[in-house]
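**Student:** attaching a predicted model along with its sequence, questions to come.
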Amino acid sequence: MVNINKTSNTQSVVVIGSGPTGAIAAHELLQKGMAVTMLESGRSNPYGFLIRINGRNIFRWKPSKGKEGDRHVATGDAETKFFYNLSPGGLSNDWTGAVPRFAPEDFYEGERLHECYRWPLDYQDLVPYYEKAEQLLDITATPKDVPNLPVGKHSFNHFLPKDWEDVAKCAEKRGQGLTILPLADGPPSMMVNRGTAFNSYTNIIRPLLKNSNFQLIRNAHALRLEWSGQKKKVDSVIYYDRKSKSRNRLEASAFVVACGPLGSTKLLFDSSCSDFPQGLGNSEGILGRYLHDHPKEWWVMDLEKPISPLVPSGYLTRKPHDKSSPLLATSWTIGSVSLKDKLLTFTGGKSKALGVQVFGTMIPGEKYYAKPEANKKDEFGLPLLELKIRFDDDVRENVESARESWRSLLEEAGYKGAIRDVDPQLIPGHAVHYGGTVRMHKNPKYGVLDAWNRLYDSSNVIVCDASSFTTGCEKNPTLTAMALSARAMDKLVDDLKTG
């Protein structure tokens, strides 16, 4: 039996998922007078503990990094991970808070390979929406553009220590930028009952609970979107109430799907019907295809002479687009190795050890995908996802070459050093940066969504997370996904108000 819940406002919107993209979607809709119901599968509020003094996290505790292993079957790399977090705010409860903007070239450089890699929008289309997202994030950054990283709006300034300036000059000669990594890090000093400086529930959603037009339904796991063949649109969502163990039907004018890159894909597959037997929005067979991820590597470099530890972390941008293979790049995040090194920054002390994290990229292709697994089911009797992805040789070689690029840059700046032994194992999903499986494109032959994040097959369904990315770049995806979500809500509100 399914319980039916009708919303009283004909301009109502259901937002599925309370991560950063769902949170900003609800925020923007409410700002414009819409009625919003948010479905969140998570049970309990996020928790943890964080103490920061003068920009240094002195103590942080949070639950383990989400869950993984019981929602997918890996048919590419057998070690493939699928992390998720059943708390309001989702995986933002495990997030480091990195919020770099994409560079203008990131939206079109893939066109050098094929038109399918051209985003249906440009950097300038996203600028006002980057700013909307940044205003919600309490960002710490350096107020200066550097190559391949436009500066965004931020609340707190932080600069590289003096002894890093020569390294930055050498990077600039190479067409790269060295700066402070933009972080949703909040005030320089804080003591909070959460494990991260920012999570979307605490920072965005909880203040919305005072708005009479907003309803948050916890323990509500979306099972399927209901397509009306007569109306030629989705008119409701079926969700499972974990508390009452009942199935409920919620009607609305529009539906924002923000379940995460794999969760959103699964929901569309689970919403198959007679008009869309291969999954809602999958009339061209593109749903689930073009799965991509960040290969992630971390290592330590030992220097012959000491340098100031970077707190917050530093960030070396990618090599110039015109001097790199299309869609193959790396970025470097530079931080301290130990709490001792972090504490040295209070007294101007220096360290001979640097911790470096590298994010690489891969060219999305149809050969890597997420799709329903034929035999295994989830707790609701729906198919698990089959994930087929691996990092090919060109991806691995690109990440490995980043080690020598970093070492030579430091040596050029006067800091000789050696990289400790590196475990070269690169595991899909380890970075928690999947994307591309409900991709945007101007041509439905290559994309499930249009330029406004709407399903070509059902224009009142908007998918707003990194699954919508046409391609991935070497930067953390969260800020760009939030900007896309805010932009999509702007268009949605206009259309709802004009009928």
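**Tutor:** Ah, there it is. From a predicted model like this one, the values you see are computed outputs, not experimental measurements.
**Student:** over to the residue lying closest to Leu328 once chain neighbours are set aside: give its phi and psi.
**Tutor:** Of all residues not flanking Leu328 in the chain, Asn398 sits nearest, at 4.9 Å (C-beta to C-beta, 6 or more residues apart in numbering). C-beta here means a position set from N, CA and C on the backbone, and glycine is covered the same way. Dihedral angles of Asn398 (phi, psi; degrees, to the nearest 10) stand at phi -60, psi -40.
**Student:** Asn398 contacts Leu327, correct?
**Tutor:** No: look at Asn398 against Leu327 with C-beta atoms under 8 Å: they stay out of range, at 10.0 Å.
**Student:** between those two, what contacts are shared?
**Tutor:** Thr361 (C-beta atoms under 8 Å, 6 or more residues apart in numbering).
**Student:** which regions of the protein sit below the pLDDT cut-off?
**Tutor:** Residue ranges of the chain with pLDDT under 70: 1-2, 4-11, 64-69.
**Student:** how about the helices in it?
**Tutor:** Applying DSSP state H to the chain gives helices spanning 20-31, 123-135, 165-173, 200, 206-208, 261-270, 339-344, 393-412, 478-498.
**Student:** tell me which of those helices is the most buried.
**Tutor:** Counting by mean count of other C-beta atoms under 10 Å, helix 200 has the highest mean neighbour count of the helices of the chain, with a mean of 32.
**Student:** from the chain's centroid, how far away is that helix?
**Tutor:** Chain-centre distance of helix 200: 12 Å, with C-alpha atoms, centre = their mean, to the nearest Å.
**Student:** ditto for stretch 304-311
**Tutor:** The answer for stretch 304-311 is 30 Å, by C-alpha atoms, centre = their mean.
**Student:** pull out the buried residues from that stretch.
**Tutor:** Neighbour-count burial for stretch 304-311, counted by 16 or more other C-beta atoms under 10 Å, picks out Ile307, Ser308, Pro309, Leu310, Val311.
**Student:** quick one: end-to-end length of it, please.
**Tutor:** 21 Å (C-alpha to C-alpha, to the nearest Å).
**Student:** got the contact list for it?
**Tutor:** Outside stretch 304-311, the residues within contact range by C-beta under 8 Å, 6+ apart are 55-56, 160-164, 180, 334-336, 341-342, 344-345, 348-352, 354, 415-417.
**Student:** ok, stretch 232-239 next?
**Tutor:** By C-beta under 8 Å, 6+ apart, stretch 232-239 touches 2, 14, 16, 39, 217, 220-228, 247-252, 255, 271, 280, 458-461.
**Student:** inside strands: which ones of the residues you listed?
**Tutor:** Of the contacts of stretch 232-239, the ones assigned to strands by DSSP state E are 2, 14, 16, 39, 217, 220-228, 247-251, 255, 458-461.
**Student:** distance to Ser468 for the helices of the chain - can I get that in TSV?
**Tutor:** As requested, the helices of the chain are arranged in TSV below (distance: least, C-beta to C-beta, whole Å):
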stretch	distance to Ser468
helix 20-31	9
helix 123-135	12
helix 165-173	32
helix 200	17
helix 206-208	23
helix 261-270	8
helix 339-344	37
helix 393-412	22
helix 478-498	6
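**Student:** can you select the buried ones from the contacts of stretch 232-239 in ChimeraX?
**Tutor:** Buried residues among the contacts of stretch 232-239 (16+ other C-beta under 10 Å), as a ChimeraX selection:
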select :14,16,39,217,220,221,222,223,224,225,226,227,248,250,252,255,271,280,458,459,460,461
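**Student:** burial check on the closest residue in space to Gly436 that isn't next to it in sequence, number of neighbours?
**Tutor:** The shortest distance from Gly436 to any non-neighbouring residue, by C-beta to C-beta, 6+ apart, is to Tyr290 (4.3 Å). By other C-beta atoms under 10 Å, the residues close to Tyr290 number 30.
**Student:** ok, Val237 next?
**Tutor:** For Val237, using other C-beta under 10 Å, the count is 26.
**Student:** quick check: beta-bridge partners of it?
**Tutor:** The partner list for Val237 in beta bridges (DSSP bridges) reads Leu225, Leu250.
**Student:** distance of it from Val399?
**Tutor:** Per C-beta to C-beta, to the nearest Å, Val237 is found 40 Å from Val399.
**Student:** could you do Met362 as well?
**Tutor:** In terms of C-beta to C-beta, Met362 sits 10 Å off from Val399.
**Student:** overlap in contacts, those two.
**Tutor:** Common neighbours of Met362 and Val399 (criterion: C-beta under 8 Å, 6+ apart): Pro295.
**Student:** show me where the stretch 301-450 of the chain has strands.
**Tutor:** With DSSP state E, counting those that start in this stretch, the ranges of strands along the stretch 301-450 of the chain come out as 314-316, 330-335, 351-360, 369-377, 383-388, 417-419.
**Student:** and those strands as CSV, adding mean neighbour count and distance to Asp490?
**Tutor:** Listed next are these as CSV, based on neighbours: other C-beta atoms under 10 Å; distance: least, C-beta to C-beta, whole Å:
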stretch, mean neighbour count, distance to Asp490
strand 314-316, 26, 30
strand 330-335, 23, 30
strand 351-360, 22, 30
strand 369-377, 16, 29
strand 383-388, 21, 31
strand 417-419, 15, 46
